[in-house]
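**Q** sequence plus the predicted model coming up.
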Amino acid sequence: MIQVLSALTASTYKHALKPLLFRLHPDTAHQHVLRMSRVRQKLRFSDPLVRKAWAHQDKAVLGQTIDGVFFPNPVGLSAGFDKNIELAPTMKTIGFGFMTGGSVTLHACAGNPKPWYYRLPQRKALVVHAGLANEGVERICARIRSYKDKTFTQFPLVVSAAKTNNARNCDDTEAIADYVGSLDLLKDMPQVRVLELNISCPNTYGGEPFTDPKRLDKLLSAIDARNITKPIWVKMPINHSWKAFDALLAVIVKHKVRGVTIGNLNKDRSGISTKELPPDVKGNLSGLPTQQLSDNLIAKTYKAYGNRLTIIGVGGIFTAEDAYRKIQLGASLVELVSGMIFEGPQVIGQINRDLVRRAQKDGYTNISEAVGASHTRRSRTKPPKEKAA
């Protein structure tokens with residue numbers, strides 16, 4: 001019955017709601033979705049219905065304790081969709097196992113001049129040029145504290161922190177102070193379980209300075225000095241060669257970093273005609289154009305650093321097949337945004353349901369056993385027991 005309801009929802013989204021949303025400019029559609037979700041959150045009586053229709057939880061098979069945090073399932077919301085962490089209850093209700101909010105910055109940031117988004121439907125891609133727009137970490141921290149106590153129970157909140165997008169922060173000293181200032185406000189919040197450092201947003205003043213190994217070492221040394229006890233992940237670029245990517249990882253493993261998120265937007269637009277993507281449309285690619293780049297880097301990172309770093313796989317996840325492939329290549333967790341936009345919110349539950357089927361078919365009792373299986377190696381940890389909330 002639940003699968004029938006999920007399939008019906010998928011059909012309704014594909015044939016009714018999605019065509020309406022896709023007639024709107026993507027910036028407008030995004031704002032409508034945020035507005036509708038905020039309204040729905042006030043109607044808490046709808047939570048059980050939404051959860052039953054869309055979510056799928058099987059903690060015995062999908063639950064894992066990673067970096068000391070329990071994740072009820074491995075499918076999370078990637079950073080960039082809920083920039084100001086306004087929709088945490090909705091993201092939990094529709095079945096995500098965790099969410100990454102932000103990226104947040106020390107100072108409020110209006111972002112780049114609009115438009116921020118451009119659709120490439122045939123490629124299952126969005127062109128993104130938001131430029132780290134957010135209300136600033138202090139205001140966002142206040143919002144996080146305002147949520148009911150159970151919002152983040154068995155729904156870990158990861159907060160992505162970046163440097164404020166302005167000309168002043170092109171200087172490394174100012175930029176590092178910006179990161180550290182945000183982390184100082186976030187590090188002691190019990191609602192925040194993991195901190196992510198976004199060093200790879202390509203749509204900002206000064207580019208990506210901390211994707212240079214020496215400058216990254218300087219940033220991470222400053223963060224080490226803050227004695228942060230929460231797990232720290234680093235969000236990585238995906239257009240680097242393996243040699244350049246590995247140089248960043250070699251720096252990361254020398255510091256108090258537990259994991260890497262692979263990865264950010266694809267900056268290579270060369271394979272897309274100017275008719276399909278006009279030159280005056282600014283931004284970089286999310287969705288399917290990131291898939292192969294992400295997969296390749298996940299596989300190489302796992303082979304080189306799988307015993308040291310947790311890997312969070314992002315990029316081109318539309319189905320359980322996509323998610324499971326990333327897991328078998330070495331990702332312990334996966335995140336998506338474009339998949340939800342193109343397939344509908346019920347896709348999270350569909351992915352989780354099919355992950356259970358795939359794991360059991362392969363003889364695994366827990367999804368953690370599938371991590372890195374493409375390399376003919378078992379997961380580095382046994383399936384963990386769920387801890388009491």
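**A** Ah, there it is. Numbering: from 1, shown residues only.
**Q** which secondary structure element is home to the residue nearest to residue 314 when sequence neighbours are not counted?
**A** Spatially, and ignoring its direct neighbours in sequence, residue 314 is nearest to residue 335 (4.6 Å; C-beta to C-beta, 6 or more residues apart in numbering). Just so you know, the C-beta spots here come from the backbone N, C-alpha and C atoms, and that holds for glycine as well. Assessed by DSSP states H and E, residue 335 sits inside strand 333-336.
**Q** next secondary structure after that strand?
**A** Heading C-terminal from strand 333-336 (DSSP H and E), you reach helix 338-343.
**Q** now for that next one, which elements pack on it?
**A** strand 125-128, strand 284-287, helix 347-361 (3 or more C-beta pairs under 8 Å, 6 or more residues apart in numbering; DSSP states H and E).
**Q** now do the second one, average pLDDT.
**A** The average pLDDT within strand 284-287 is 98.
**Q** so which bits of that strand are buried?
**A** 284, 285, 286, 287 (16 or more other C-beta atoms under 10 Å).
**Q** from residue 104, how far out is the residue lying closest to the second one once chain neighbours are set aside?
**A** Closest residue to residue 285 apart from its sequence neighbours, by C-beta to C-beta, 6+ apart: residue 266 at 4.2 Å. Residue 266 is 23 Å from residue 104, where distance means C-beta to C-beta, to the nearest Å.
**Q** same deal with residue 248?
**A** 22 Å.
**Q** swap in residue 159?
**A** Counting by C-beta to C-beta, the gap from residue 159 to residue 104 is 6 Å.
**Q** where do the contact lists of the two overlap?
**A** 85, 140, 186 (C-beta atoms under 8 Å, 6 or more residues apart in numbering).
**Q** out of those, who's nearest residue 204?
**A** Checking the shared contacts of residue 159 and residue 104 against residue 204 by C-beta to C-beta gives residue 140 as the nearest, at 18.2 Å.
**Q** pLDDT below threshold where in the stretch 201-350 of the chain?
**A** For the stretch 201-350 of the chain, applying pLDDT under 70 flags no range at all.
**Q** all helices for the stretch 151-300 of the chain, in order.
**A** 172-186, 213-224, 242-252, 291-305 (DSSP state H, counting those that start in this stretch).
**Q** most tightly packed of these?
**A** Most buried of these by mean neighbour count (mean count of other C-beta atoms under 10 Å) is helix 291-305; its value is a mean of 21.
**Q** alpha carbons only: can I get it in PDB?
**A** Taking C-alpha atoms only, helix 291-305 is exported to PDB below (Å, rounded to 0.1, in the frame of the first residue of the first chain):
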ATOM      1  CA  GLN A 291      27.800  12.400 -11.200                       C
ATOM      2  CA  GLN A 292      30.900  10.800 -12.900                       C
ATOM      3  CA  LEU A 293      33.300  13.300 -11.400                       C
ATOM      4  CA  SER A 294      32.000  12.600  -7.900                       C
ATOM      5  CA  ASP A 295      32.000   8.900  -8.400                       C
ATOM      6  CA  ASN A 296      35.600   8.800  -9.600                       C
ATOM      7  CA  LEU A 297      36.900  11.000  -6.700                       C
ATOM      8  CA  ILE A 298      34.900   8.900  -4.100                       C
ATOM      9  CA  ALA A 299      36.500   5.700  -5.400                       C
ATOM     10  CA  LYS A 300      40.000   7.100  -5.400                       C
ATOM     11  CA  THR A 301      39.600   8.800  -2.000                       C
ATOM     12  CA  TYR A 302      38.300   5.600  -0.400                       C
ATOM     13  CA  LYS A 303      41.200   3.500  -1.800                       C
ATOM     14  CA  ALA A 304      43.700   6.000  -0.500                       C
ATOM     15  CA  TYR A 305      42.100   7.300   2.700                       C
END
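**Q** distance between it and the chain's centre?
**A** For helix 291-305, the separation from the chain centroid amounts to 16 Å (computed by C-alpha atoms, centre = their mean, to the nearest Å).
**Q** could you give the angle of that helix to helix 242-252?
**A** With axes from the mean of the first three to the mean of the last three C-alpha atoms, to 10 degrees defining the directions, helix 291-305 sits at 50 degrees from helix 242-252.
**Q** got the angle for whatever helix or strand comes next after helix 291-305 vs helix 291-305?
**A** Downstream of helix 291-305, the next assigned helix or strand under DSSP H and E is strand 310-314. Angle between the axes of strand 310-314 and helix 291-305 is 170 degrees (criterion: the same axes, to 10 degrees).
**Q** list the helices and strands strand 310-314 packs on?
**A** strand 259-262, helix 291-305, helix 320-329, strand 333-336.
**Q** related to what we said a few turns ago, now tabulate the buried residues of strand 284-287 in a markdown table and tack on distance to residue 33.
**A** Shown next, in a markdown table, are the buried residues of strand 284-287 (distance: C-beta to C-beta, whole Å):
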| residue | distance to residue 33 |
| --- | --- |
| 284 | 21 |
| 285 | 20 |
| 286 | 16 |
| 287 | 16 |
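**Q** could you pick out the longest helix of the protein?
**A** Across the chain, the longest stretch assigned as helix under DSSP state H is helix 26-42.
**Q** in it, which residues are buried?
**A** Quick answer for helix 26-42 (16+ other C-beta under 10 Å): 26, 29, 30, 33, 34, 37, 40, 41.
**Q** please list all residues in contact with the fourth one.
**A** The one in question is residue 33. residue 21 are the contacts of residue 33 under C-beta under 8 Å, 6+ apart.
**Q** give me the pLDDT for it.
**A** The model reports residue 33 with a pLDDT of 91.
**Q** distance of it from residue 319?
**A** 21 Å.
**Q** equivalent analysis for the first one, please.
**A** Distance, residue 26 to residue 319, by C-beta to C-beta: 22 Å.
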